[in-house]
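> Pasting the sequence and the predicted coordinates here, then a few questions.
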Amino acid sequence: MLSLKYIRENTGYVQESLTHKQSQVNISNLLEFDIQRRNCLKEVEVLRAEKNQVSNSIAELKKAGGNAEKDIAEMRSVSNRIKTVEADLRKVEESIANDIYYVPNIVHSSVPVGKNETENIVIKKWGDVPEFSFDPKDHLSLGEDLQLFDFKRSVKMAGAGFPLYTGLGAKLERALINFMLDFHTSKHNYTELFPPFLAHTNAMQNTGQLPKFKEDMYQIPEDALYCIPTAEVPVTNFHQGEIIPEAELPKKYAAYSACFRREAGSYGKDTRGLIRVHQFNKVELVKFVHPDESYKELETLLENAEAILQALGLHYRILELCSGDLSFSAAKCYDLEVWSPAENKYLEVSSCSNFENFQARRSNIRYRNKSTGKSELLHTLNGSGVATPRLMVALLETYQQKDGTIKLPTALHPFMNLEKISIP
RNA sequence: GGAGAGUUGGCAGAGCGGUAAUGCAGCGGAUUGCUAAUCCGUCAACCUUUAAUUUGGUUGCACAAGUUCAAAUCUUGUACUCUCCGCCA
C-alpha cells in the first residue's frame, strides 16, 4: 500500500498513476479523511497535553499530602472531552484504513502508458517458431495418446479444472519442478524454501491478494485460512516484520508450491486442458532488495526466468506490460510467454514484477541503512520461474515427433531418466 | 480437544496504578600512540514547525473494550507463541 503521507504530498502523481492504471479508485475521499484526521489529532493532542500536565500536578500534590480535589474535577471534564474526540478520530482512521488498502501501487515512470493488454509492448523474442513436416497435435491429444493426464477421472475427485497427471505425465511434471528448483538454486543462487500452502488473512493482505481479490481465492472459513494462489504469499511473508541488515541484501528465494485459483468470472475462456486450471504447480522466485537496486534486480529476475525456457529450448517472447494491464500491487511488470504450436499463440508462463515498497509497507519489512543506522522499507520483487501447466503444453507440442513420441530436451534427461516419451 | 505459562524498542530484560529502568548491538560525536578501550548523545510512529537530519507536542508495553482524576500495571474478551496431557500420519 501507499502511505497516506505520500498520497498527500504527491497527489498529482498518484492521480496520474491511477488514471494510467485504469483504476476507478477515488483518492479525494481519502484526502478529505486525511484533513479530518489531522484536525482531530491536533485537538486530541492539545487536550492530552493538558491532561498530562494536570495529572502530574495531582501526583505531586498527593505525594506532598495536599488536596487535589479541584484538579481532579477539572480532569474529569477534560477526560470526557478527550473520549469524544478520540471516538471521532478512531472513526476517521477506520475509514482511512478501509480505503487505503484499495489504492493500487503507483506506476513506474518507465512503464508505457496504455489502456489494456492490447497495448503491451513486445520487447524480445527468443528462438524460432518450431516448424513441422506433419500436422502437429495439440497437448490434449498428445496427452491422451501417451496417457500423460486424465481429465475425466480428475472430475471424480475435485471437478473440472483440477488436473490429474498420470504415468510419465506425472513424472514429467515432477521432473519440471525439480529441474527448475535445481536450476535456480545452483545457477542463480536462490535459497530454496518449501512453504505452507495455506495462509491466513494477514499474510494475504500483506502481499495484496486481500482485501481486493477475496473471491478469487479458495477459503477455509473454519480456520480463517486461504489456499495460496502463489508461493509469493508465504515466501514474501518469510521476512514479515523483520529488519534485515543492509549487507545481507539482496535476499533471494526460490520456492515450489501448488497454486489455487478460483478463476471466478473466467468460465468459458481457455477451458481446454491445461491452459487455465484451478490448481497448478509453480516455482516462484522472490527477492528482497535495496530500494536503489530494485529495477536492476527486476532485469536479472527476468533473465533468471528466461533461462528456464532457454534451457528447454522453447520459443518465447517478453512483453513489457503497459500501465493499464499492470496488476494492483505492481509498479512495473514483464510477462514471459511461451509458444504453443497447436494453439498457434503465445501462452503466459511467468510475470516478473517490481512491487517497490508496496508489499514491504503492508508487511513491515525493512532493512537497516548502514550509513544512517535507520530502518527503511525495502523493495520486493517476484516472478514465476515458471508455472508448469502451459510450460507442459509448449514442451509436448514443440517436441512431438511424427511417430507420436515426444523427444525430451537434454536438460530434462537426468530428471526423467529417459530421452523420449513414447506410446505405452 | 483439555490444562498451564507467556507476549514490553533491533535484541536481551526490569517495572505490577502517578513522566517506559538498565545492558548489548547500530548510528553520530569526543578523547586516548595504533586489531581496541572509555565517555557523551542518539536510537519507533505520528502531528506541528523549519532551509534543515530544526522546534514544540502526542502516541507507543500483542489487539480490543472497561474501571480510574490517572493504566505497561487492575478487570473482561480476542489473537498468537511455548510447555504438559489426549488423539493422530
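Sure, I can see it. Residues are numbered from 1 along each chain as shown, chains lettered A, B, ... in the order given.
> Show me which residues of stretch A:242-255 are buried.
By 16 or more other Cβ atoms under 10 Å, the buried positions in stretch A:242-255 come out as A:Ile244, A:Leu249, A:Pro250, A:Lys251, A:Lys252, A:Tyr253, A:Ala254, A:Ala255. Heads up, the C-betas are built off the backbone N, CA and C, glycines and all.
> which one of those sits closest to RNA strand B?
Nearest to RNA strand B out of these is A:Ile244 (Cβ to the nearest atom of the strand; 10.0 Å).
> mind checking the SS state of that closest one?
Here A:Ile244 is recorded as strand under DSSP: H, G, I helix; E, B strand; the rest coil.
> Run through the residues that contact the closest residue to RNA strand B within the stretch 201-350 of chain A.
Residue nearest to RNA strand B within the stretch 201-350 of chain A: A:Ile243 (4.8 Å; Cβ to the nearest atom of the strand). By Cβ atoms under 8 Å, 6 or more residues apart in numbering, the contact set of A:Ile243 is A:Arg366, A:Tyr367, A:Arg368, A:Ser375.
> shaky segments in the stretch 201-350 of chain A?
For the stretch 201-350 of chain A, the stretches with pLDDT under 70 are A:265, A:267-270.
> again, 90 this time
Applying pLDDT under 90 to the stretch 201-350 of chain A flags the ranges A:210-215, A:220-224, A:241, A:243, A:245-248, A:263-272.
> Helices of that one, residue ranges please.
With helices called from DSSP state H, counting those that start in this stretch, the stretch 201-350 of chain A shows them at A:201-207, A:232-236, A:294-311.
> Switch these over to a markdown table; also include distance to RNA strand B and mean neighbour count.
Output for those, formatted as a markdown table (distance: least, Cβ to the nearest atom of the strand, whole Å; neighbours: other Cβ atoms under 10 Å):
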| stretch | distance to RNA strand B | mean neighbour count |
| --- | --- | --- |
| helix A:201-207 | 8 | 20 |
| helix A:232-236 | 14 | 27 |
| helix A:294-311 | 20 | 20 |
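> out of those, nearest to A:Asn382?
Closest of the helices of the stretch 201-350 of chain A to A:Asn382 is helix A:232-236, at 4.8 Å (criterion: Cβ to Cβ).
> Redo the helices of the stretch 201-350 of chain A as JSON lines? Include distance to A:Lys187.
As requested, the helices of the stretch 201-350 of chain A are arranged in JSON lines below (distance: least, Cβ to Cβ, whole Å):
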{"stretch": "helix A:201-207", "distance to A:Lys187": "26"}
{"stretch": "helix A:232-236", "distance to A:Lys187": "19"}
{"stretch": "helix A:294-311", "distance to A:Lys187": "7"}
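> Which among these is found nearest to A:Thr185?
Comparing these by their distance to A:Thr185 (Cβ to Cβ), the top pick is helix A:294-311, with 11.1 Å.
> The closest one packs against which elements?
strand A:121-126, helix A:167-187, strand A:279-289, strand A:316-320, strand A:332-340, strand A:345-354, strand A:379-387 (3 or more Cβ pairs under 8 Å, 6 or more residues apart in numbering; DSSP states H and E).
> Including mean neighbour count and distance to RNA strand B, could the ones you listed go into CSV?
CSV is the format used below for those (neighbours: other Cβ atoms under 10 Å; distance: least, Cβ to the nearest atom of the strand, whole Å):
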stretch, mean neighbour count, distance to RNA strand B
strand A:121-126, 13, 36
helix A:167-187, 18, 21
strand A:279-289, 24, 16
strand A:316-320, 20, 33
strand A:332-340, 24, 25
strand A:345-354, 22, 22
strand A:379-387, 27, 17
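> Report how many residues lie close to the one residue in the stretch 1-150 of chain A that gets nearest to RNA strand B.
Using Cβ to the nearest atom of the strand, the closest approach of the stretch 1-150 of chain A to RNA strand B is made by A:Met75 at 2.7 Å. Applying other Cβ atoms under 10 Å, we find 18 residues neighbouring A:Met75.
> Which helix or which strand is home to it?
helix A:69-100 (DSSP states H and E).
> now swap in A:Tyr367 and tell me
With DSSP H and E as the criterion, A:Tyr367 is inside strand A:366-368.
> For that strand, what is the distance to the chain centroid?
Strand A:366-368 sits 21 Å away from the centroid of its parent chain (Cα atoms, centre = their mean, to the nearest Å).
> Within the sheet, what are the partner strands of that strand, with directions?
Paired with strand A:366-368 in the same sheet, following DSSP bridges, are strand A:243-245 (parallel), strand A:375-377 (antiparallel).
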